[in-house]
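# Structure for this input, please:
(one chain, ligands or ions: 2)
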Amino acid sequence: MKKNNIISILPLAEKIKQIEVFSPEIARKIQPGQFVIIRVHKNGERIPLTVAKKTPATGILTIVFQEVGVTTTLLGRLKPGDALHDIAGPLGKAAEIMYYGNVVVVAGGVGAAEVLPVCGALKSKGNTVDVIVGARSASMLILLDDFKKAGDRLFIATDDGTAGDKGFVTDVLKKLVTAPGSGGISLVYSAGPVLMMKRVCEIAKEAGIRTVVSLNPIMIDGTGMCGSCRVTVSGKMKFACVDGPEFDGDDINWDELENRVKLFSGQEREAIKKLNDKK
Ligand code: NAD
Ligand code: FES
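Ligands and ions are numbered 1, 2, ... in the order given. Predicted coordinates for the structure are as follows:
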């Protein structure tokens, strides 16, 4: 098998796909919380992607991605037997996995792929891990069977109420942290849309619980050189690719981050339109 070859590509939900890639060195080394940066072709942009699973024995990485821009759309068009041009990683710091006691992990949309390995690692350390997974609709929920195995109780929320509780993951979190006897939660871990993570932090803070979030800002090099992933944490500039992607949620300047992730949305819309017009 050649390095970077695609073994399988499967749809998980509308516009969300799972790709299995042969990348033995990364599969051996990558830890929960870390990520990879890939290029689909030689002149393509570099995009950070989440590794949801790894199998060191076979050298396979399972990457989950959402088809939102040109590169992820091109990635979604690849077939088994095609190869990625390159994969850089593991990048970023590994998640801080230790015994906390009772942990709640909160995953929004495609952010679930980032949360899954962290959830499994926290459980392996002896933590009780309650999982809240949310999506817009039942058909957009991903990795539920994996979460059933990786965590303890699984709570589901959909915006339209087609599965689990109707509402946001944050509504479920609020119920959990305010339920009688909920005083034992020591940590909330979260990944998903910026506004969701901001709200998760507010709810946990009100309940006196620390939140760790995994951020997904715009990245280019992934090695601390370009500054595109900068985020203000406790008033200091940090680079999510090398100082993170995990940070203490209470310390983040969420409004700045929200603005920065939208920085190129106009150009992205334009580029995806051109790509689709070419088809
Ligand atoms: P989405 O917009 O469909 O939202 C998913 C869920 O998040 C919703 O169903 C809801 O439960 C919750 N949510 C959304 N907005 C909320 C709000 N304002 N308040 C409270 N809860 C809210 O999500 P999507 O389209 O799948 O996007 C997923 C996001 O995850 C993207 O922004 C992506 O950048 C991010 N992501 C993060 C990582 C990471 O490592 N942190 C990895 C992959 C993706
Ligand atoms: Fe360039 Fe982080 S992606 S500094």
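# Could I get the phi/psi values of the one residue in the stretch 51-200 of the chain that gets nearest to ligand 1?
Going by C-beta to the nearest ligand atom, ligand 1 is nearest to G109 of the stretch 51-200 of the chain, at 1.9 Å. Using the backbone N, CA and C atoms, a C-beta is placed for each residue, glycine as well. The phi and psi values for G109, taken as degrees, to the nearest 10, are phi 60, psi -130.
# wait, it sits on G134?
Yes: counting by C-beta atoms under 8 Å, G134 is a contact partner of G109 at 7.3 Å.
# In terms of neighbours, single out the busier of those two.
Ranked by neighbour count (other C-beta atoms under 10 Å), G109 and G134 place G134 first, with 30 against 21.
# picking up where we left off before, what residues are shared contacts of G109 and G134?
G192 (C-beta atoms under 8 Å, 6 or more residues apart in numbering).
# so which helix or strand takes in the residue nearest to I30 when sequence neighbours are not counted?
Spatial nearest neighbour of I30, chain neighbours left out: P90 (4.0 Å); criterion: C-beta to C-beta, 6 or more residues apart in numbering. Using DSSP states H and E, P90 maps to strand 86-91.
# ditto for K53
Element membership of K53, judged by DSSP H and E, is strand 47-55.
# packing partners for that strand?
Secondary-structure packing of strand 47-55 (3 or more C-beta pairs under 8 Å, 6 or more residues apart in numbering; DSSP states H and E): helix 24-29, strand 35-39, strand 60-66, strand 86-91, helix 112-124.
# can you give me the helices for the stretch 51-200 of the chain?
70-76, 112-124, 144-150, 169-178, 194-206 (DSSP state H, counting those that start in this stretch).
# and this protein, which residues reach ligand 1?
Neighbours of ligand 1 within the chain, by C-beta under 6 Å from any ligand atom: 50, 66, 108-111, 114, 134-136, 157, 159, 168-170, 191-193, 195-196, 199, 214-216, 245.
# if you set the cut-off to 8 Å instead, what comes out?
Within the chain, the positions adjacent to ligand 1 are 16, 35, 50, 64, 66, 68, 108-111, 113-114, 134-136, 140, 157-159, 167-170, 191-200, 213-216, 245, 261 by C-beta under 8 Å from any ligand atom.
# Produce a ChimeraX select command limited to the buried residues of those.
In ChimeraX, a selection of the buried entries from those looks like this (16 or more other C-beta atoms under 10 Å):
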select :16,35,50,64,66,108,109,110,111,113,114,134,135,140,157,158,167,168,169,170,191,192,193,194,196,197,198,199,200,213,214,215,216,245,261
